[in-house]
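From the sequence below, what's the structure:
(2 chains)
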2 protein chains.
Amino acid sequence: MFNGLSAFPLTPFTPDGDIDDAGFQRLLERLVSAGVDSLGVLGSTGSYAYLTREQRKRVAALAKAQAGTIPMMVSIGAVSTRQVLDLADDAQHAGADGLLLPAMSYQTLTEEEVYGLFDTVSRHVSVPVCVYDNPGTTHFTFSDELHGRIAALPRIGSIKIPGVPAEAAAANARVQQLREKIPATVTLGISGDAFAGLGLNAGCEVWYSVCGGLFPQTAKAITDAAARGDKAQVTALTERLAPLWALFRRHGGSLRVMAAAAGVLGLVSPTCLPRPLKPLSAQDCTEIAAVIEALGLR
Amino acid sequence: MFNGLSAFPLTPFTPDGDIDDAGFQRLLERLVSAGVDSLGVLGSTGSYAYLTREQRKRVAALAKAQAGTIPMMVSIGAVSTRQVLDLADDAQHAGADGLLLPAMSYQTLTEEEVYGLFDTVSRHVSVPVCVYDNPGTTHFTFSDELHGRIAALPRIGSIKIPGVPAEAAAANARVQQLREKIPATVTLGISGDAFAGLGLNAGCEVWYSVCGGLFPQTAKAITDAAARGDKAQVTALTERLAPLWALFRRHGGSLRVMAAAAGVLGLVSPTCLPRPLKPLSAQDCTEIAAVIEALGLR
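Residues are numbered from 1 along each chain as shown, chains lettered A, B, ... in the order given. Take a look at the predicted model:
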């Protein structure tokens, strides 16, 4: 299941702070219609860190009800191992086909502690696990050696890497370097959407995609080109989206931009982020609407 | 209540990952006997970030039952504002005399978002709030201007600052600079134990103390000297503890060292940290035991 386009939808909130079930279903409908290769629910884009255990159960159940034959991956991130195991049980009970596990930290973690977490979880669960490497939000940085040790554990099926160097030869070298440390059965997936083209052309088998969580057809054109081996098209289609990546950079990451974009499209409330996160300004939304229109994002 | 020695106890866990009620009561007993000025339960040292809502209720109830007339401050940190408000209700229901609120982040927060969090919480609660400034664990850095805006909100009673420059004149200047931005009714409290002497001598009215959570008599001698205005004694007593501060530095902060020390003293299990955190090695514990003995920590 860790191949092609893995689309990460928002978890939208109502203005009162409850989960916006109908809005979430509208977001999922776009992904299912587009035929994405997997759903990545409750990722960072899905605001897993802001939800209670009960809310996370509900989100997974809503997604599974709509997923049809599309595999569903559910993030089980928490700073406590005990809570991660409970969340893994919940996700599997909800029908998760795969689990996404970050090294979420409060106290700074050692490599042995992170290895211990993955060791414990990999022996506890019965579905494949994707290692979520995202130092920007988890504040833990994996070494390649640690990736190799973890990838050799049972059930580990993929590694979601945070990006690659911004130049093709260096990106190729980076992916090759990590590839040499991990079993051939474990796929590598690119995230950090601006790096998608570089990552796919360097040999990543998956795009763990924020853009694809709202604009699945736009994202799928890129992973389809990668599947055909058409590197020039992958590059062209990704570089075309530069105005979107620029918005991500300007607003401290992709989440606030995608939330505003989903509001612009009328799929969710303009205040769909979990507090304390604040929505972007009306002026920012106007600019985002213009980019959606100009690029034909869909 | 935001004066003198505020002692931050560990929340110890059993090897099975449950809260070690008896061990926690033994830790509290030392603090109550020593007559600390307040208890700071469920701080970073109290592993709040690793506990469920139900566990946090239980810890606050255990502490209140033992606190007698000593004021109890309870951390209500969470990344979601909705959860912070629920935790505030729980803490007040358990009898908290004050609340400790960090700007805990997952997505990087803007100043307006953090101000909004404190604004919402300060209007929701009925007991005083201490602002918890700890960029090392929360990954948010307060500007002095933001501190000033938040300190002007209702219910804000103190700011727990993460440290001061490691030289007296610079430490004085730092505290003075922040003091000018905040109302006189809001106290400043030093944390980062190695900075306690510098902070108290620079005019901080409180020591939010990890050391004091296990060695209250040792810590109280320092805050008592500060209360008498005996700066030379404050300096001497703090510098004497340099071997303890060196252990904190070597082990990535104070938590793992204090957990090991509590184990050395036989108060809690040697594996009292919440997973994925791992206990220090037997050799490290031997060295910690030697420092406890040599410094006469108690």
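
Hmm, A:Ala202 is touching A:Arg179, no?
No - in terms of C-beta atoms under 8 Å, A:Ala202 does not count as a neighbour of A:Arg179; the distance is 9.3 Å. All C-beta spots, glycine's among them, are computed from the backbone N, C-alpha and C.

Run through the residues of chain A sitting next to chain B.
Within chain A, the positions near chain B by C-beta under 8 Å from any C-beta of the partner chain are A:17, A:44, A:49-53, A:79-83, A:106-110, A:112-114, A:116-117, A:120, A:136-137, A:139, A:252-253, A:255, A:274-278.

Give me the buried subset of those.
With burial judged by 16 or more other C-beta atoms under 10 Å in any protein chain shown, the buried subset of the residues of chain A next to chain B is A:44, A:49-51, A:79-83, A:106-107, A:109-110, A:113-114, A:116-117, A:120, A:137, A:139, A:253, A:255, A:274-277.

What's the separation between the nearest residue to A:Ala103 once chain neighbours are set aside and A:Ser209?
Distances taken as C-beta to C-beta, 6 or more residues apart in numbering or on different chains put A:Phe140 closest to A:Ala103, at 4.1 Å, once the chain neighbours are dropped. Per C-beta to C-beta, to the nearest Å, A:Phe140 is found 22 Å from A:Ser209.

Among the two, which residue is more densely surrounded?
Set side by side, A:Phe140 and A:Ser209 show unequal neighbour counts under other C-beta atoms under 10 Å in any protein chain shown, the larger going to A:Ser209 at 30 against 19.

residues contacting the more buried one?
Contacts for A:Ser209 were tallied using C-beta atoms under 8 Å, 6 or more residues apart in numbering or on different chains; they are A:Leu5, A:Ser6, A:Ala7, A:Phe8, A:Ser191, A:Asp193, A:Ala196, A:Ala219.

any idea how far A:Ala88 is from A:Arg123?
When C-beta to C-beta is the yardstick, A:Arg123 and A:Ala88 sit 11 Å from each other.

Need the three-state assignment for A:Lys160.
Using DSSP: H, G, I helix; E, B strand; the rest coil, the structure places A:Lys160 in strand.

So which bits of stretch A:14-31 are buried?
By neighbour count with 16+ other C-beta under 10 Å, stretch A:14-31 contains the buried residues A:Ile19, A:Asp20, A:Gly23, A:Phe24, A:Arg26, A:Leu27, A:Leu28, A:Arg30, A:Leu31.

how about the first one, what does it touch?
Going back to what we said before, that points to A:Ile19. If you count contacts by C-beta under 8 Å, 6+ apart, A:Ile19 has them with A:Thr11, A:Pro12, A:Phe13, A:Leu51, A:Gln55, A:Arg58, A:Val59.

just curious, which of those is nearest to chain B?
Minimum separation from chain B among those (C-beta to the nearest C-beta) is found for A:Leu51, which lies at 7.4 Å.

thinking the closest one is in contact with A:Phe13, fair?
No - here A:Leu51 does not reach A:Phe13: they are 9.4 Å apart, not a contact under C-beta under 8 Å.

Who does the nearest residue to A:Ala67 once chain neighbours are set aside form a beta bridge with?
Once its chain neighbours are removed from consideration, A:Ala67 has its nearest residue in A:Leu39; the separation is 5.7 Å (C-beta to C-beta, 6+ apart). Under the criterion DSSP bridges, A:Leu39 forms beta bridges with A:Ala7, A:Met72.

Enumerate every residue touching A:Leu39.
For A:Leu39, the residues meeting the contact criterion (C-beta under 8 Å, 6+ apart) are A:Ser6, A:Ala7, A:Pro9, A:Leu28, A:Leu31, A:Ala63, A:Ala67, A:Ile70, A:Pro71, A:Met72, A:Met73.

Can you read off the pLDDT for it?
According to the prediction, A:Leu39 has pLDDT 98.

Kindly report the same for A:Thr218.
Residue-level pLDDT assigned to A:Thr218 equals 98.

all strands of the stretch 51-200 of chain A, in order?
A:72-75, A:98-102, A:129-132, A:156-161, A:187-190 (DSSP state E, counting those that start in this stretch).

Who are the packing partners of the first one?
Using 3 or more C-beta pairs under 8 Å, 6 or more residues apart in numbering or on different chains; DSSP states H and E as the contact criterion, the elements in contact with strand A:72-75 are strand A:38-41, helix A:53-67, strand A:98-102.

Could you single out the most deeply buried of these?
Of all those, strand A:38-41 has the most neighbours on average by mean count of other C-beta atoms under 10 Å in any protein chain shown, namely a mean of 30.

Excluding chain neighbours, what is closest to A:Glu111?
Spatial nearest neighbour of A:Glu111, excluding adjacent residues (C-beta to C-beta, 6+ apart): A:Leu146 at 5.0 Å.

Between A:Arg123 and A:Ala88, which has more neighbouring residues?
In this comparison of A:Arg123 against A:Ala88, neighbours counted by other C-beta under 10 Å, the higher total goes to A:Ala88 at 23 against 10.

is it true that the more buried one touches A:His124?
Yes - A:Ala88 is within contact range of A:His124, at 6.2 Å (criterion: C-beta under 8 Å).

Now the common contact residues for A:Leu51 and A:Phe13.
Common neighbours of A:Leu51 and A:Phe13 are listed as A:Ile19, A:Pro274 (criterion: C-beta under 8 Å, 6+ apart).

right, so the strands of the stretch 51-200 of chain A: which one is the most enclosed?
strand A:72-75 (a mean of 28).

What average pLDDT does that one get?
What strand A:72-75 shows for mean pLDDT is 98.

now do stretch A:87-105
Stretch A:87-105 carries an average pLDDT of 98.

for stretch A:253-260, same thing?
Over the span of stretch A:253-260, the pLDDT mean works out to 97.
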